[in-house]
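Novice: Pasted the sequence and its predicted model underneath.
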Amino acid sequence: MDDDRAAIAELVRTFFAAFTSGGSLDELRAVLLPGAVIVRTCGGEPAVHDVDGFIAPRRELLTGGRLTGFREWPLDGHTEIFGDIAHHFGGYAKEGVLDGEPFTGRGMKTMQFVRTAAGWRISAVAWDDERPGSPARRSTPTPTRAVSRG
């Protein structure tokens with residue numbers, strides 16, 4: 001289990017490390033399943049992307065000069081593993097300069113993982129940024145009970 005946790009923690013680090021100004025998003029292809037789904041919510045209608053649809057506009061933003069000094073990094077979070085599936089839920093922070101204006105932000109990301117023959121891979125990612133009117137912190141997990149059908 002410790003090896004699994006370490007492998008998943010490395011995937012989380014790799015995912016966040018890809019988002020730096022002037023950096024390369026190519027590392028994402030190694031950690032995402034080819035059919036992975038990436039969803040941005042952030043207060044509007046969810047924007048659902050496949051891997052290529054996610055990487056292309058971010059590559060332009062991170063290398064085109066409008067966004068400089070950008071980085072994003074994980075904050076606290078927790079990972080649960082069961083067999084060949086896993087889930088990570090955690091906070092993140094970001095900072096940069098967009099069109100000459102410095103900014104900072106925070107939010108939450110949820111990542112799902114599956115074990116493949118090549119090791120753990122990210123199968124899905126979704127996130128939401130903190131913004132006026134959004135919860136300032138995550139809610140406490142609610143335990144669920146199995147319901148038997150009789």
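Specialist: On my side now, so go ahead. What you are looking at is a predicted structure, and each value in this text was computed from that prediction instead of being measured. Residues are numbered from 1 along each chain as shown.
Novice: now the helices for the protein?
Specialist: 2-17, 27-31, 51-63 (DSSP state H).
Novice: Need those helices in CSV (columns: mean pLDDT and distance to Thr79).
Specialist: All C-beta spots, glycine's among them, are computed from the backbone N, C-alpha and C. Formatted as CSV, the helices of the chain follow (pLDDT from 0 to 100; distance: least, C-beta to C-beta, whole Å):
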stretch, mean pLDDT, distance to Thr79
helix 2-17, 94, 6
helix 27-31, 91, 15
helix 51-63, 91, 22
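Novice: Of these, give the one that comes closest to Thr104.
Specialist: Proximity to Thr104 (C-beta to C-beta) singles out helix 2-17 among the helices of the chain, at 15.3 Å.
Novice: What ranges in this protein fall below the confidence cut-off?
Specialist: Across the chain, the ranges flagged by pLDDT under 70 are 134-150.
Novice: Please, where are all the strands along it?
Specialist: 32-40, 47-49, 67-82, 85-98, 101-116, 119-129 (DSSP state E).
Novice: could I get those strands as JSON lines with distance to Arg5 and mean neighbour count?
Specialist: Listed next are those as JSON lines, based on distance: least, C-beta to C-beta, whole Å; neighbours: other C-beta atoms under 10 Å:
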{"stretch": "strand 32-40", "distance to Arg5": "19", "mean neighbour count": "16"}
{"stretch": "strand 47-49", "distance to Arg5": "27", "mean neighbour count": "14"}
{"stretch": "strand 67-82", "distance to Arg5": "6", "mean neighbour count": "14"}
{"stretch": "strand 85-98", "distance to Arg5": "9", "mean neighbour count": "17"}
{"stretch": "strand 101-116", "distance to Arg5": "11", "mean neighbour count": "16"}
{"stretch": "strand 119-129", "distance to Arg5": "10", "mean neighbour count": "18"}
